[in-house]
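In: okay, sequence plus prediction incoming.
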Amino acid sequence: MLEFKNVTKVYDGGKTAVKKLNLKINKGEFVCFIGPSGCGKTTTMKMVNRLIDISDGTILVDGKDIKQQDPVQLRRSIGYVIQQIGLMPHMTIKENIVLVGTLLKWPEEKKNERAKELIKLVGLPTEYLDKYPHELSGGQQQRIGVLRALAVNPPLILMDEPFGALDPITRDALQDEFKKLQKELHKTIIFVTHDMDEALKLADRVVIMRDGEVVQADTPEEILRNPANEFVEEFLGKERLIQGRPDVTTVGQIMEGTPITVQENESLKNAISIMRDKHVDSLLVLDQQEKLVGFIDIEIINLNYKKATLVNEVMEKEFLYVEKDSLLRDTVHKILRRGVKYVPVVDEEKKLVGIVTRATLANLVYDTIWGDGFDVEEHVDLEIAK
Amino acid sequence: METWNQFITYVGQNGDYIWFQFYRHFLMAAYGVLFAAVISIPLGILIARYGKLSSWVLAFGSIIQTIPALGALAVIMIAFGLGTNTVIITLMLYSILPITQNTYVGMKEVDKTVVEAGYASGMTRFQLLRMVELPLAISVIMAGLRTALVVGIGIAAVGAFVGAGG
Ligand SMILES: Nc1ncnc2c1ncn2[C@@H]1O[C@H](COP(=O)(O)OP(=O)(O)OP(=O)(O)O)[C@@H](O)[C@H]1O
Ligand SMILES: [Mg+2]
């Protein structure tokens, strides 16, 4: 798909930004470039769509030398998300999304349709298409920046620190969203970041760079297990190397099997009695197909008891959940970072299969330290997973 | 009160003439600015793109600006004789700087990241100019035209000395 052969970039001032880079990236692969500031990540990326000229060596896209191609056509065929979003302030969101379509002279209907299709992909309402960029939050703008790169369905997408300027929570949410998107779209993606967590979370392969050279290029697991040298170790940090073990454990392996649930068409009265019987303060709500649709807790019931009678009228539909084959490392992160008490676990069809609570995690830690048989669950006042 | 009455009487008697002169002034200024714009806007765009020229061009423009209008009119009159043309040419010279300058500033102020995004999306230079840079710079360029017009009307009044009417 994409191949770097002895690629070198020397800037006019004599500064060598990239030295003899050799790398082969397969179709559908998600590759993260990571390294300290100024190590040549942006330069490498910009050489691919010829925003910067190569000094020496060749880059092949789909086996074709990019130097033989018209730069304008080349850029239209490669998606690019720049480091600072860069939406056109005088164009509507719709015009921004389908910008490349406009350049390729797509008919108006096709553009409208594509814009609607794309904006749904990131969960924004279609009314946003007529807004202007300044009316959107930073996270929303960044989503539009990503959509612009996807608009004409290019097989290769370059992303330069797309989530760099966002607060940790928005970034976390966008990463999840994007990872899911990637699973559906099967693009080849080059993703620049200097956030190691981001790289380990998203990438199939992480390319660690220093001073214009590749230090190590490997899967996240392999890098954590066998860092190539001290630089990589230092870059990873001690914590991650210790955490390195649970990195391959999936949520499915450690989750608890029987969360307490309620059907969405049950009455609030019944919900309360379930809570009382099971000594929990929150219930997961399922629909007829056993799919997870929300949750309800004492506080919500308290606020709405007079107004509503059924669970699905008042349940909270916005909630955090994980898939059972996602990595434990990311889940731990979520629980800690978002300060939630538990995370429901679902399968591919969003059917509820289990739950991970803080107590589960505590058990895990006790297990690894003292071996099996230490039950902390009773001492923790969070008993939804009993 | 005396003067005021005289003024009223004068306007009353010569209303048509005043209107006609006003119109003439305005038209001369407008032509001057228009011709200047044809030269200055492309010039501004050019120097904004090729940075090295910019300081020279802008410095030269400011020098023209400092020549007293009356003196400039006199010199240009030697070349073009008496009449409207001389005034329009002088006007043009004085309009070139504000328009070029504003075009230059307007183009320079366009957010670099937006321009980069345009390039990366596969815009040609011309598309970039038409779809991104000009729309974003237009308000600053218009401000330049307005300044030029105001200055121009002032100079047109001085033009009376070289027989351009008014
Ligand atoms: N136009 C340029 N002219 C000269 N040197 C440049 C130019 N652009 C970048 N450099 C230099 O090349 C090196 C690599 O720059 P690059 O932008 O690729 O870094 P980066 O890895 O993307 O850093 P960051 O994480 O800060 O974005 C830096 O030392 C930088 O100073
Ligand atoms: Mg960079």
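Out: That came in fine, so what should we check first? Ligands and ions are numbered 1, 2, ... in the order given.

In: where does the prediction get shaky in the chain?
Out: This is for chain A. A:238-248, A:366-386 (pLDDT under 70).

In: please go with chain B instead
Out: With pLDDT under 70 as the threshold, chain B has low-confidence stretches at B:1, B:159-166.

In: so which residue is dead centre in it?
Out: B:Ser95 (2.9 Å; C-alpha atoms, centre = their mean).

In: any figure for the gap between it and A:Pro259?
Out: When C-beta to C-beta, to the nearest Å is applied, the distance between B:Ser95 and A:Pro259 equals 76 Å. In this view, the C-beta of every residue, glycine as well, is placed from N, C-alpha and C.

In: how many neighbours does residue 27 have?
Out: No chain was given, so I picked chain A. By the criterion of other C-beta atoms under 10 Å in any protein chain shown, A:Lys27 has 12 neighbours.

In: that's the other chain; I wanted chain B
Out: The burial count assigned to B:Leu27 is 13, neighbours taken as other C-beta under 10 Å.

In: same thing with the one 3 residues further on?
Out: Residue neighbour count, defined by other C-beta under 10 Å, stands at 16 for B:Ala30.

In: which other helices and strands does the helix or strand hosting it contact?
Out: Assigned by DSSP states H and E, B:Ala30 belongs to helix B:2-49. Based on contacts counted as 3 or more C-beta pairs under 8 Å, 6 or more residues apart in numbering or on different chains; DSSP states H and E, the elements that helix B:2-49 packs against are helix B:51-66, helix B:84-109, helix B:134-158.

In: which residues touch the shortest one?
Out: Pointing back at helix B:51-66 there. B:Leu43, B:Leu46, B:Ile47, B:Ala48, B:Leu93, B:Tyr94, B:Ile96, B:Leu97, B:Thr100, B:Gln101, B:Tyr104 (C-beta atoms under 8 Å, 6 or more residues apart in numbering or on different chains).

In: quick one, phi psi at A:Phe33?
Out: phi -90, psi 130 (degrees, to the nearest 10).

In: now swap in A:Lys27 and tell me
Out: Note on A:Lys27: its backbone torsions stand at phi -60, psi 140 [degrees, to the nearest 10].

In: mind checking how far the residue lying closest to it once chain neighbours are set aside is from A:Lys179?
Out: Using C-beta to C-beta, 6 or more residues apart in numbering or on different chains and skipping the chain neighbours, the partner closest in space to A:Lys27 is A:Met1 (4.3 Å). Summarising the geometry, the distance separating A:Met1 from A:Lys179, computed by C-beta to C-beta, is 20 Å.

In: do the same with B:Asp16
Out: Relative to A:Lys179, B:Asp16 is positioned 78 Å away (criterion: C-beta to C-beta).

In: those two: who's more crowded?
Out: Neighbour count, other C-beta under 10 Å: between B:Asp16 and A:Lys179, A:Lys179 has more, with 14 against 8.

In: please, which helix or strand holds the more buried one?
Out: Per DSSP H and E, A:Lys179 falls inside helix A:168-185.

In: got the contact list for that helix?
Out: Outside helix A:168-185, the residues touching it (C-beta under 8 Å, 6+ apart) are A:30, A:121-123, A:138-139, A:142-143, A:146, A:150, A:163, A:166, A:189, A:198, A:201-202, A:333-334, A:337-338.

In: centre of the chain to that helix, how far?
Out: Here helix A:168-185 shows a centroid-to-chain-centroid distance of 3 Å under the convention C-alpha atoms, centre = their mean, to the nearest Å.

In: so A:Met47 sits right up against A:Thr58, yeah?
Out: No. With contacts counted by C-beta atoms under 8 Å, A:Met47 stays clear of A:Thr58, the gap being 10.4 Å.

In: next one: phi and psi at A:Lys64?
Out: Backbone torsions of A:Lys64, given as degrees, to the nearest 10, read phi -100, psi 140.

In: same deal with A:Tyr11?
Out: Torsion angles, degrees, to the nearest 10, at A:Tyr11: phi -70, psi 160.

In: tell me how many other residues surround it.
Out: Neighbour tally, A:Tyr11, other C-beta under 10 Å: 12.

In: list the contacts for the closest residue to A:Ala165 other than its chain neighbours?
Out: Closest residue to A:Ala165 in three dimensions, ignoring its sequence neighbours and counting by C-beta to C-beta, 6+ apart: A:Gly138, at 6.6 Å. In this structure, A:Gly138 makes contact with A:Ala165, A:Leu166, A:Thr170, judged by C-beta under 8 Å, 6+ apart.

In: can you classify the second one by secondary structure?
Out: Under DSSP: H, G, I helix; E, B strand; the rest coil, A:Leu166 falls in the coil class.

In: can you count the residues close to it?
Out: Applying other C-beta under 10 Å, we find 18 residues neighbouring A:Leu166.

In: indicate the residue of the stretch 101-250 of chain A located nearest to chain B.
Out: Among all residues of the stretch 101-250 of chain A, A:Leu103 sits closest to chain B, at 5.5 Å; criterion: C-beta to the nearest C-beta.

In: remind me which helix or strand the residue located most distally from the centre of chain A belongs to.
Out: What lies farthest from the middle of chain A is A:Lys306; by C-alpha atoms, centre = their mean that is 40.0 Å. Per DSSP H and E: A:Lys306 is located in neither a helix nor a strand.

In: ok, now which ones touch it?
Out: For A:Lys306, no contacting residues are found, by C-beta under 8 Å, 6+ apart.

In: from A:Arg276, how far off is it?
Out: Counting by C-beta to C-beta, the separation of A:Lys306 from A:Arg276 is 19 Å.

In: again, but for A:Ala308
Out: Per C-beta to C-beta, A:Ala308 is found 19 Å from A:Arg276.
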